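**Student:** no sequence on this one, just coordinates:
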């Protein structure tokens, strides 16, 4: 992928979260920055952005909706106030944003959030367990008797796509398109704008087509639930439904895909933990919480609403601020031995699902998918390891997870 910015010169003053080296070496980069006395990095890329690395800072920004707006949560080259003439990149102004409720500010946010909460409540999500188990076993059956498999391409990337497509009533045969749009929205943010424009148009047309089809041919799924919903006494516009569907489609796929992949990567590189979980599957739920803490996939973003001094740095109106929840989860002020993965960690109030008003609506579903995916993989492949002579390829951008994960199967059931 071509970048408009070129390679990073200095992570402290020129960082780029979409540079392939960032996610590949993310923990070492953070440790080097903090060791150099830099708890908050700065870059002029993307028109100016900040990267705080302590739990205190991330927590403070996440809860401060006065100085930091959620109007858009993905860092891009063009900021909302600059793009009124570029509708494919623009987003509606606060407090709504383009993908409510994640792009919404108070007071609108709470009303939009209430519309989605019932669809992701435990009583709706828990009955999906048998279907997720069936999907996971079917994916492993398709791998056949190969000695080496790609746990990302052949396994983790498929599981959330199947579930989200089912919930939204979208065709599963479009799975590759969904993944390509995840890449478009979250990973290619430093690619030339002209490379992205046509694909954004294609994505928007796809959603509009399926929303129209749901209007003309109602069925029982989440898109029709949204079309029938009212917000403060008024039916949702098709644009708002499209924004909510975008949120569910993009966030619901990539975050869980990455969380499953991160968990399998850890087990492929740690024989002791792999053996413990294979022999004690009842430990998996606690271990998944530790994988979420140690390898939290998601970094959100905010925009500075007005010039603001923050912990000694001068933030300017319209600056980006990244919220790396994974870094907050590795803060020694918050966790004992934070860089160590302890699969039976007892105290684990991690921030993998975010902090503040935008805590992940889909956390129940993500946890279920991760628990089932790890359990089934270990049941079918009790012993496996990373293929060290092939490259593990990591995502780029604000969601971190393996995109290629070659593992050698040492035993199977």
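**Tutor:** Structure's in. What do you need? Remember, it's a predicted structure, so these values are computed and weren't measured experimentally.
**Student:** Checking my notes, residue 321 in a strand, right?
**Tutor:** Yes: the assignment for residue 321 by DSSP: H, G, I helix; E, B strand; the rest coil puts it in a strand.
**Student:** what's the distance between it and residue 52?
**Tutor:** Counting by CB to CB, to the nearest Å, the gap from residue 321 to residue 52 is 7 Å. Quick note: C-beta positions are derived from backbone N, CA and C, even for glycine.
**Student:** and what of residue 77?
**Tutor:** From residue 77 to residue 52 the distance is 21 Å (CB to CB).
**Student:** One more: residue 67?
**Tutor:** In terms of CB to CB, residue 67 sits 13 Å off from residue 52.
**Student:** Compare these two and say which one has the larger neighbour count.
**Tutor:** Taking neighbours as other CB atoms under 10 Å, residue 67 and residue 52 compare with residue 52 leading, 23 against 19.
**Student:** Excluding sequence neighbours, find me the nearest residue to the more buried one.
**Tutor:** Among residues not flanking residue 52 along the chain, residue 40 sits closest, at 4.5 Å (CB to CB, 6 or more residues apart in numbering).
**Student:** Quick check: that neighbour touching residue 50?
**Tutor:** Yes: assessed by CB atoms under 8 Å, residue 40 is found in contact with residue 50 at 5.9 Å.
**Student:** Between those two, which contacts overlap?
**Tutor:** Jointly contacting residue 40 and residue 50 under the rule CB atoms under 8 Å, 6 or more residues apart in numbering are 310, 313.
**Student:** Give me the buried positions along stretch 198-217.
**Tutor:** Of the residues in stretch 198-217, those buried by neighbour count under the rule 16 or more other CB atoms under 10 Å are 199-200, 203, 206-207, 210-211, 214.
**Student:** Take those residues and keep only those in strands.
**Tutor:** Using DSSP state E, no member of the buried residues of stretch 198-217 sits in strands.
**Student:** Include distance to residue 178 when you put those into a markdown table, please.
**Tutor:** Below are the buried residues of stretch 198-217 laid out as a markdown table (distance: CB to CB, whole Å):
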| residue | distance to residue 178 |
| --- | --- |
| 199 | 13 |
| 200 | 15 |
| 203 | 10 |
| 206 | 9 |
| 207 | 11 |
| 210 | 12 |
| 211 | 16 |
| 214 | 17 |
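**Student:** among those residues, which are in helices?
**Tutor:** In helices, defined here by DSSP state H, the members of those are 199-200, 203, 206-207, 210-211, 214.
**Student:** Tell me, how many residues neighbour residue 31?
**Tutor:** 14.
**Student:** Kindly provide the distance from it to residue 203.
**Tutor:** 37 Å.
**Student:** Same check on residue 22?
**Tutor:** Distance of residue 22 to residue 203, given as CB to CB: 25 Å.
**Student:** Over to residue 96?
**Tutor:** Taking CB to CB, one finds residue 96 at 19 Å from residue 203.
**Student:** now the stretch 51-200 of the chain, which segments are flagged as low pLDDT?
**Tutor:** Scanning the stretch 51-200 of the chain for pLDDT under 70 picks out 81, 83-94.
**Student:** Which parts of it are helices?
**Tutor:** Using DSSP state H, counting those that start in this stretch, the helices found in the stretch 51-200 of the chain span residues 55-63, 108-116, 122-125, 129-143, 158-168, 175-182, 193-216.
**Student:** And the residue nearest the centre of the chain?
**Tutor:** residue 255 (3.2 Å; CA atoms, centre = their mean).
**Student:** In contact with that residue, which residues?
**Tutor:** Residue 255 makes contact with 160, 297-298, 360, 362, 366, 399 under the criterion CB under 8 Å, 6+ apart.
**Student:** these two touch, right, residue 17 and residue 322?
**Tutor:** Yes: the pair residue 17 / residue 322 is scored as a contact, 6.3 Å apart, by CB under 8 Å.
**Student:** shared neighbours of those two, anything?
**Tutor:** 51, 75, 299, 398.
**Student:** From the residues you listed, which land in strands?
**Tutor:** 51, 299.
**Student:** Just send the shared contacts of residue 17 and residue 322 back as CSV, with neighbour count and distance to residue 270 too.
**Tutor:** Formatted as CSV, the shared contacts of residue 17 and residue 322 follow (neighbours: other CB atoms under 10 Å; distance: CB to CB, whole Å):
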residue, neighbour count, distance to residue 270
51, 26, 28
75, 27, 32
299, 24, 24
398, 24, 26
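**Student:** What is the nearest of the shared contacts of residue 17 and residue 322 to residue 144?
**Tutor:** Minimum distance to residue 144 across these is 35.0 Å, recorded for residue 398 (CB to CB).
**Student:** The closest residue in space to the closest one that isn't next to it in sequence pairs with what?
**Tutor:** Nearest residue to residue 398, sequence neighbours excluded (CB to CB, 6+ apart): residue 299, at 4.3 Å. Beta-bridge partners recorded for residue 299 (DSSP bridges): residue 324.
**Student:** residue contacts, the residue lying closest to residue 221 once chain neighbours are set aside?
**Tutor:** Distances taken as CB to CB, 6+ apart place residue 169 nearest to residue 221, at 3.2 Å, with adjacent residues excluded. Taking CB under 8 Å, 6+ apart, we find residue 169 in contact with 210, 214, 219, 221-224.
**Student:** Quick check: phi and psi on the closest residue to residue 208 other than its chain neighbours?
**Tutor:** Closest residue to residue 208 apart from its sequence neighbours, by CB to CB, 6+ apart: residue 242 at 6.7 Å. Here is the backbone geometry of residue 242 (degrees, to the nearest 10): phi -60, psi -40.
**Student:** Please shift the residue numbers so they start at 58 in all later answers.
**Tutor:** Let's use 58 as the start, then, which means that last one is residue 299.
**Student:** pLDDT value on residue 299, please?
**Tutor:** In this model, residue 299 is scored at 94, pLDDT.
**Student:** what's the spacing between it and residue 273?
**Tutor:** Taken as CB to CB, the span from residue 299 to residue 273 is 16 Å.
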